[in-house]
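1. Sequence isn't available, so here's the structure alone:
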């Protein structure tokens, strides 16, 4: 009986503290911070989170808030931190536009994984390339682009990542993926690069970058040919 009484008393004390924490104005949220956002406004993130000033910090449902914030296609990762007694900070990592895909007079903004971030009538950033040759019938913002040829899609995302890692995205104006055995790039300095197949993309892109850096100072235009067996060559126009 004595042991059971101690248990009841302990439970009663816990309930009192819980009631205090959930009702005390000391734990009402007075600060809402958002970090890592560039494309999505702070106001949009807070609105989606359904976390409000004056709400008890222990009453917020982080799981539901994160699920709601993920409705915005630009949001890739989220972390919500309670900082007692009255601060909540939302850290996010955003998806970035890597390329544009033409669609009936508009452009799909695509990230490196093939996620459709939005659709616009014009290109927002002229320093990013346009991908041509992808065939698809329907799409939905916030989902991965579904093209007729899955190999073509995987090659596109692979190429985007290689170009990004080589810091060449701002050098390329167009990527033509129509023929997987004859991938072509248009580079802004008036240079073209015929990559051939998707084999050895890291090497091919690295070589193309070195050629571009060598010839752009002289203003020479031409084609980097890598679609044949043997060593890559540069053919001036």
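-> Arrived safely. These numbers were taken from a predicted model, which means no experiment stands behind them.

2. residue nearest the centroid of the protein?
-> residue 95 (1.9 Å; CA atoms, centre = their mean).

3. Kindly tell me how buried the closest residue to that residue other than its chain neighbours is, as a neighbour count.
-> Using CB to CB, 6 or more residues apart in numbering and skipping residues adjacent in sequence, the residue nearest residue 95 is residue 111, 4.3 Å away. Any C-beta I mention is one placed from the backbone N, CA and C, and that applies to glycine too. Neighbour count for residue 111, taken as other CB atoms under 10 Å: 20.

4. Contact partners for residue 97?
-> Going by CB atoms under 8 Å, 6 or more residues apart in numbering, residue 97 touches 109, 110, 111, 117, 124, 125, 128.

5. hang on, residue 45 in a helix?
-> Yes. Per DSSP: H, G, I helix; E, B strand; the rest coil, residue 45 lies within a helix segment.

6. That one touches residue 34, doesn't it?
-> Yes. Using CB atoms under 8 Å, residue 45 makes contact with residue 34 at a distance of 4.8 Å.

7. Run through the neighbouring helices and strands of the helix or strand harbouring residue 174.
-> Assigned by DSSP states H and E, residue 174 belongs to strand 172-176. In terms of contacts (3 or more CB pairs under 8 Å, 6 or more residues apart in numbering; DSSP states H and E), strand 172-176 is packed against strand 130-132, helix 150-165, strand 183-187.

8. can you pull the pLDDT of residue 10?
-> Here, the pLDDT recorded for residue 10 equals 59.

9. Walk me through the domains of the protein.
-> Taking automatic domain parsing as the reference, the chain has its domains at 2-94, 99-236.

10. Run the chain-centre distance for the last one.
-> What that stands for is domain 99-236. Centroid separation between domain 99-236 and its chain, computed with CA atoms, centre = their mean, to the nearest Å, is 17 Å.

11. and it, how far apart are its ends?
-> Taking CA to CA, to the nearest Å, domain 99-236 runs 28 Å from one end to the other.

12. Stretch 81-88 now?
-> 6 Å.

13. in that stretch, what's buried?
-> In terms of neighbour count (16 or more other CB atoms under 10 Å), stretch 81-88 has its buried residues at 86, 88.

14. what about that stretch, average pLDDT?
-> Mean predicted lDDT for stretch 81-88 stands at 93.

15. how near is the closest residue to residue 159 other than its chain neighbours to residue 113?
-> Using CB to CB, 6+ apart and skipping residues adjacent in sequence, the residue nearest residue 159 is residue 201, 6.1 Å away. As judged by CB to CB, to the nearest Å, residue 201 and residue 113 stand 17 Å apart.
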